[in-house]
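Asker: sequence and computational prediction follow.
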Amino acid sequence: MSYPRCDFRHPLNRSRRIVLGAAALLAAAWPSTAGAAAVPNASDRYDIRQEIFPLPPAREIFASTYYTHPQGLDLISIHQSSPRSDTVDGVFSRRSSDNGRTWSKQENVWVEGKAAQKGMHRRFEKGSFLDPKTGRFISFRNEADLPTDEPLEGMRQWKMHYRVSEDGGRTWKVDEPIIHRGAEYSAAHPLPNVWVGKNCFMIGDLGSEPITLADGTLLVPIQISPIGPDGVYYNPGGGFTYSDAAVLRGRWTAGAHLEWELSALAKGDPAVSTRGTLEPTIAQLTDKRLIMVMRGSNDKKPQLFGGRWVSFSNDEGRTWTKPELWTYTNGEKFFSPSSCSQLVTHSSGRLFWLGNITPQNPVGNRPRYPLVIGEVDRATGRLREETVAIVADRRPQDSEQITLSNFYAREDRETRELVLHLSRGGQPYLYRIKIK
């Protein structure tokens with residue numbers, strides 16, 4: 001398979017001079033992967049400004065803000081401090097009645113105790129959602145009782161819970177685990193082919209935001225770790241972890257509960273993505289098809305093409321096409337590391353994607369810069385190369401390992417700007433993106 005070669009004259013390709021250790025060691029063993037085009041920078045299409053989001057600095061802060069009612073400017077800020085990879089030690093909230101100009105005093109939502117830090121109960125808030133049909137505010141979290149601190153133990157233990165509020169998140173009417181409809185399912189066996197202790201299901205990142213269909217059905221993009229022939233978690237790709245993407249379809253029942261049903265899997269091919277398909281983000285196209293953009297990986301096999309994966313649904317998220325490499329509208333491939341991304345539908349009807357695009361083939365998760373925005377063609381579901389622009393990039397003072405990822409974006413009701421939360425160097429920032 002051949003790909004168009006990269007234009008290394010592009011100024012953004014200064015990062016080509018950054019030699020990642022893993023790539024250098026493997027260069028002699030593996031043939032180089034021919035590149036995609038250089039990272040575009042259609043900066044004239046957007047006005048982008050950076051602001052400090054007023055939170056106490058920490059090693060890492062996952063911040064997000066949500067409107068809590070169908071109208072008005074009431075916001076809730078949910079932020080989590082993370083002293084370790086892929087977990088948190090505290091979840092905190094604040095409120096604003098003036099669209100984020102001023103904030104209330106910080107309140108503790110949940111603080112992890114010392115026992116949890118040694119490998120007991122873990123909880124990771126994974127985003128909130130205002131259902132436009134009912135006005136209910138929904139919060140999702142991953143939970144696990146981990147017997148050890150082994151990082152991969154979570155691939156056998158994570159499960160999901162949801163909460164429902166009818167007063168903008170001040171009180172919670174429902175707080176329960178997500179369990180598939182049907183008598184055969186339980187907390188121990190919550191979904192088809194998922195058994196707690198053998199494999200897991202979870203929301204991958206804050207960008208895996210739900211959407212609501214015209215009939216009121218909620219679609220929640222998730223990931224599921226597979227079970228192998230021995231009946232426990234299986235990693236056929238050989239990367240750090242392995243998952244398949246899917247969607248939970250939720251229907252409202254009495255008492256503000258949701259009845260859940262799992263879609264068919266959007267299964268990756270371990271021969272081309274060593275970590276499968278994970279951290280899906282979804283949106284609706286103009287012909288009512290659904291698009292799912294997913295993270296993949298070439299972890300442990302850097303000779304593979306590191307890109308973004310895409311799948312489509314013609315039946316409201318019940319089934320999904322076989323994942324394929326996502327491309328620009330002209331069919332050209334582009335490099336993207338193994339990192340989260342997010343699709344955001346703007347009030348103008350336009351659809352935007354935020355994520356990382358690199359000028360050379362990534363090595364697993366790296367590099368996670370620059371962070372870009374681009375418009376998705378809502379007829380074809382492909383990314384419009386001429387609209388891709390850089391939101392944030394590595395600065396001279398930044399480490400080569402800087403992570404411009406793990407973000408969350410929403411639209412501002414007053415300005416119609418996209419507001420993106422991103423932490424860099426322990427400092428939480430807002431990036432305001434005005435679309436021209």
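Answerer: That came in fine, so what should we check first?
Asker: now for Glu279: which residues touch it?
Answerer: Residues near Glu279 by Cβ atoms under 8 Å, 6 or more residues apart in numbering: Gly204, Asp205, Gly207, Ser208, Gln223, Met294, Arg295, Cys340, Ser341. Using the backbone N, CA and C atoms, a C-beta is placed for each residue, glycine as well.
Asker: for it, which non-adjacent residue is spatially closest?
Answerer: Distance criterion Cβ to Cβ, 6 or more residues apart in numbering; nearest residue to Glu279, sequence neighbours excluded, is Gly204 at 3.3 Å.
Asker: that neighbour - how many residues pack around it?
Answerer: By other Cβ atoms under 10 Å, the residues close to Gly204 number 21.
Asker: which SS class is it?
Answerer: Under DSSP: H, G, I helix; E, B strand; the rest coil, Gly204 falls in the coil class.
Asker: over to the one 10 residues further on?
Answerer: Of the three states, Ala214 takes coil according to three-state DSSP.
Asker: look up how far Glu316 lies from it.
Answerer: Applying Cβ to Cβ, to the nearest Å, the value for Ala214 to Glu316 is 9 Å.
Asker: compare these two (neighbour count), which wins?
Answerer: Neighbour totals were compared for Ala214 and Glu316, and Glu316 leads with 18 against 9 (other Cβ under 10 Å).
Asker: who's the closest spatial neighbour of the more buried one, skipping the chain neighbours?
Answerer: Nearest non-adjacent residue to Glu316, counting by Cβ to Cβ, 6+ apart: Leu213, 5.9 Å away.
Asker: and the pLDDT for that neighbour?
Answerer: pLDDT recorded at Leu213 is 98.
Asker: right, and it touches Gly250 too?
Answerer: No - checked against Cβ atoms under 8 Å, the pair Leu213 and Gly250 is beyond contact range at 10.4 Å.
Asker: can you pull the residues that touch both of these two?
Answerer: Shared contacts of Leu213 and Gly250 (Cβ under 8 Å, 6+ apart): Leu219.
Asker: so which of those two has more stuff around it?
Answerer: Neighbour count, other Cβ under 10 Å: between Leu213 and Gly250, Gly250 has more, with 22 against 15.
Asker: how about the strands in the stretch 201-350 of the chain?
Answerer: 201-202, 211-212, 218-224, 244-252, 258-262, 278-284, 290-295, 308-313, 324-325, 342-345 (DSSP state E, counting those that start in this stretch).
Asker: let me know which of these is tucked in deepest.
Answerer: strand 290-295 (a mean of 28; mean count of other Cβ atoms under 10 Å).
Asker: circling back: same list (the strands of the stretch 201-350 of the chain) but as CSV, adding distance to Ile61.
Answerer: Converted to CSV, the strands of the stretch 201-350 of the chain look like this (distance: least, Cβ to Cβ, whole Å):
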stretch, distance to Ile61
strand 201-202, 20
strand 211-212, 26
strand 218-224, 23
strand 244-252, 27
strand 258-262, 29
strand 278-284, 19
strand 290-295, 21
strand 308-313, 26
strand 324-325, 33
strand 342-345, 18
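Asker: just the pLDDT at Asp205, thanks.
Answerer: At Asp205, pLDDT is 95.
Asker: thought it was touching Asn406?
Answerer: Yes - contact criterion Cβ under 8 Å: Asp205 and Asn406 qualify, at 6.4 Å.
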